[in-house]
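K.L.:
Kindly return the folded structure for what I paste below:
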Amino acid sequence: MAQTPSLNLVPVGSGALAVTHRPRLKLLPTFRTAGVTHLVTLLSRREGALVMRSAATAAGLEWIWVELADARQPPPRRQREIVAALTRLAKIIRTGATVVIHCSAGIHRTGMFTYALLRTCGLEPDEAMSTLTRLRGATAEGVGEQRLAWAEEWATTARSQGDATGGPASAATAQAGNSPRFTAETNDDQPSAENARTLPWGSLLSRTWTTPDGRRSREHSTHCPPLASL
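P.N.:
Numbering: from 1, shown residues only. Next up is the predicted model:
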């Protein structure tokens with residue numbers, strides 16, 4: 001009997017949002033069947049983020065990686081990736097995307113980032129917290145006041161820099177565009193360091209390879225470089 005995902009999809013703007021712990025790889029195709037369009041992974045490379053990427057893209061999901069190595073505050077020089085991610089995600093949710101966000105347990109990092117995203121989407125603090133509670137009670141209860149304060153700072157910056165709530169487009173959003181476009185194609189697991197530095201954050205990558213039986217295969221992912229690479 002086929003398993004179905006335990007996702008609590010909550011409407012946000014024209015789209016929908018869900019949060020969860022690390023999903024089982026074999027359930028990702030059922031996410032797509034349930035209407036999910038984007039999977040946001042907050043895991044580090046060490047925690048298997050790239051394995052999640054392969055499974056997500058194979059399932060037909062758009063995969064976005066925002067690497068948060070742990071639940072502590074990232075250093076200021078690394079926070080621009082988070083702000084860019086919030087701006088882009090708020091935009092795609094407004095256009096009707098259904099997004100699932102996860103880390104490992106789905107509490108600290110997930111709660112922090114999701115609250116920031118809800119605030120970036122224009123929800124007031126009380127409304128954002130209420131929505132987080134509707135999404136997953138354990139996440140809302142466990143995220144912690146300090147992480148919410150950091151999330152508030154990120155959301156404030158994202159709203160001031162971009163069109164997350166209808167203002168002028170930010171540089172990251174303008175570069176990424178309103179519709180998917182491929183800015184790089186590679187036969188490697190990752191784009192070269194030189195090419196990666198020139199790609200707009202949020203660009204789509206196409207990776208092709210030859211299978212053992214001689215067939216050509218392809219997967220797509222979104223270029224969201226990890227914090228350490230910025």
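
K.L.:
what's the weakest-modelled helix or strand in this structure?
P.N.:
strand 182-186 (a mean of 30; mean pLDDT, DSSP states H and E).

K.L.:
Does Gly96 belong to a helix, a strand or coil?
P.N.:
Secondary structure, DSSP: H, G, I helix; E, B strand; the rest coil: Gly96 is coil.

K.L.:
show me what contacts it?
P.N.:
The contact partners of Gly96, by Cβ atoms under 8 Å, 6 or more residues apart in numbering, come to Ser14, Gly15. (Each C-beta comes from the backbone N, C-alpha and C, glycine too.)

K.L.:
Please report phi then psi for it.
P.N.:
phi 110, psi 10 (degrees, to the nearest 10).

K.L.:
how close does it get to Leu135?
P.N.:
18 Å (Cβ to Cβ, to the nearest Å).

K.L.:
Verify the stated contact: Leu135 with Ala18.
P.N.:
Yes. With contacts counted by Cβ atoms under 8 Å, Leu135 reaches Ala18, the gap being 6.5 Å.

K.L.:
which neighbours do those two share?
P.N.:
Common neighbours of Leu135 and Ala18 (criterion: Cβ under 8 Å, 6+ apart): Asn8, Val10.

K.L.:
When the two are compared, which one has more neighbours?
P.N.:
Leu135 (25 against 22; other Cβ atoms under 10 Å).

K.L.:
pLDDT score assigned to that one?
P.N.:
pLDDT for Leu135: 98.

K.L.:
Next: Arg77.
P.N.:
pLDDT for Arg77: 70.

K.L.:
what about it, which SS state?
P.N.:
From three-state DSSP, the assignment for Arg77 is helix.

K.L.:
what's around it, how many residues?
P.N.:
8.

K.L.:
Same check on the one 4 residues further on?
P.N.:
Residues near Glu81, counting by other Cβ under 10 Å, number 22.

K.L.:
now the helices for the protein?
P.N.:
28-33, 49-58, 79-94, 108-120, 125-135, 137-142, 145-161, 171-176, 193-198 (DSSP state H).

K.L.:
Compare the mean pLDDT across the ones you listed and name the weakest.
P.N.:
helix 171-176 (a mean of 36).
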